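Asker: Give me the fold of what follows.
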Amino acid sequence: MVLHGTADVTTRPLSREDAPTPEPGEHEVLVRVERCGVCRTDLHVVEGDLPSVRPSVIPGHEIVGRIVGVGGEVGSLSVGQRVGIPWLRWTCRRCEYCVSGRENLCEKKRFTGYTENGGYAEYATGEDGYVFPLPDWDAASLAPLLCAGIIGYRALKLALPRPGGRIGFFGFGGSAHLALQLAAKLGYETVAYSRNPAHLELAERLGATASILTGSKGTAARPPSLDGAVVFAPAGASVLDALSELKKGGRLSIASIHMSPIPVIDYDRLLFGERTIVGVESNTREDAREFLDLATRLRLESAVSVRPLGEANEALGALKAGEVVGALVLDCSVG
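Answerer: Have a look, this model is predicted:
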């Protein structure tokens, strides 16, 4: 499913095309894609919220599949292995950020499904060192782990309060439903905030301590109760909602790659008291390894709906309309 020019997803901008199977480079593997998750970042790529960087691209960066080809310089992966290909595809490994363990900030980094072709296809390539072994679970349940899970994990780490503290999740979609499970299993109190009652029902089933339905006026007036918070919704007003719930000394992380403008922040009421806001940019490979290990050991549950690859436009439309509970995944083995 190829994007030749950014456009509103309601115009069905992805076209189904036949293309040669890609050849893996010396440091790459070729993967037969089983499933590929549909991420909000894909929507930002398709609709042009992220600037176009190539004339056409195959989106998709929550890729699960089997290795069917290996480049000559690949040392740690082999044909037949079940692997995942995430958003972060490559970093330079030489800049000040890479050498200090902050490769997620590398100015030259490349991305699956954006700067390089991704997984809305039968085959995809990935760079050795940025492709991760996966367990032999259901492929659809694994796909959201590759971005929603990894990015949610980094956002969670940046916002985690003291042990046993209370953390809130604003916007309960594919990423939040994994991050909340992890926080709950690690012993934190967890609170889900959403405008959608179905999202809150899922949060409660996954172990949320509390769930709060937000309305057009945001969160209700009440004393702040959160020690930490993560905003997943791409709406700037959600930042104010989260800050209004955050106690003194609390930290708010924003897990969106693109967000509408944040309204003016009332410093005295919402930021004073050593509250902190931090934006999350991509992830490191260490984040990916840590999260995938935790997800496997703790058996995190992905709530997924599966659609055929040919319905990628419709899947993105459902995501934009807020109709998705949990995560959407494309079956790339069928049309």
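
Asker: Which segments of the chain make up each domain?
Answerer: 2-134+303-331, 149-279 (automatic domain parsing).

Asker: Next, format those domains as CSV and append mean neighbour count, distance to L142 and mean pLDDT.
Answerer: C-betas here are computed from N, CA, C, even on glycine. Output for these, formatted as CSV (neighbours: other Cβ atoms under 10 Å; distance: least, Cβ to Cβ, whole Å; pLDDT from 0 to 100):
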stretch, mean neighbour count, distance to L142, mean pLDDT
domain 2-134+303-331, 19, 5, 97
domain 149-279, 20, 9, 93
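
Asker: can you put these in TSV and add distance to A140?
Answerer: Below are these laid out as TSV (distance: least, Cβ to Cβ, whole Å):
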stretch	distance to A140
domain 2-134+303-331	5
domain 149-279	12
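
Asker: which stretches of this protein form helices?
Answerer: 40-47, 139-142, 148-159, 176-185, 197-205, 237-245, 285-298, 312-320 (DSSP state H).

Asker: Just the CA trace of the fourth one, in CSV.
Answerer: Below are the C-alpha coordinates for helix 176-185, written out as CSV (Å, rounded to 0.1, in the frame of the first residue of the first chain):
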residue,chain,number,x,y,z
ALA,A,176,-1.6,3.7,26.6
HIS,A,177,-3.3,0.3,26.9
LEU,A,178,0.1,-1.3,27.0
ALA,A,179,1.8,1.3,29.2
LEU,A,180,-0.9,1.1,31.8
GLN,A,181,-0.7,-2.7,32.0
LEU,A,182,3.1,-2.4,32.6
ALA,A,183,2.7,0.2,35.3
ALA,A,184,0.0,-1.8,37.0
LYS,A,185,2.1,-4.9,37.0
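
Asker: tell me the contacts of R289?
Answerer: For R289, the contact set (Cβ atoms under 8 Å, 6 or more residues apart in numbering) comprises F132.

Asker: what's the spacing between it and L134?
Answerer: From R289 across to L134, the span is 12 Å (Cβ to Cβ, to the nearest Å).

Asker: and what of E245?
Answerer: If you measure E245 against L134 using Cβ to Cβ, the figure is 35 Å.

Asker: Please convert the helices of the chain to JSON lines, extending it with distance to G101.
Answerer: Below are the helices of the chain laid out as JSON lines (distance: least, Cβ to Cβ, whole Å):
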{"stretch": "helix 40-47", "distance to G101": "23"}
{"stretch": "helix 139-142", "distance to G101": "26"}
{"stretch": "helix 148-159", "distance to G101": "13"}
{"stretch": "helix 176-185", "distance to G101": "22"}
{"stretch": "helix 197-205", "distance to G101": "33"}
{"stretch": "helix 237-245", "distance to G101": "27"}
{"stretch": "helix 285-298", "distance to G101": "7"}
{"stretch": "helix 312-320", "distance to G101": "33"}
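
Asker: of the ones you listed, which approaches G168 most closely?
Answerer: helix 237-245 (5.7 Å; Cβ to Cβ).

Asker: Tell me which other helices or strands that closest one touches.
Answerer: Judged by 3 or more Cβ pairs under 8 Å, 6 or more residues apart in numbering; DSSP states H and E, helix 237-245 is in contact with strand 166-170, strand 189-194, strand 226-231, strand 246-254.

Asker: Which of the ones you listed sits closest to L146?
Answerer: Per Cβ to Cβ, nearest to L146 of the helices and strands packed on helix 237-245: strand 226-231, 18.6 Å.

Asker: who are the neighbours of the closest one, in terms of helices and strands?
Answerer: Secondary elements touching strand 226-231 (3+ Cβ pairs under 8 Å, 6+ apart): helix 148-159, strand 166-170, helix 237-245, strand 246-254.
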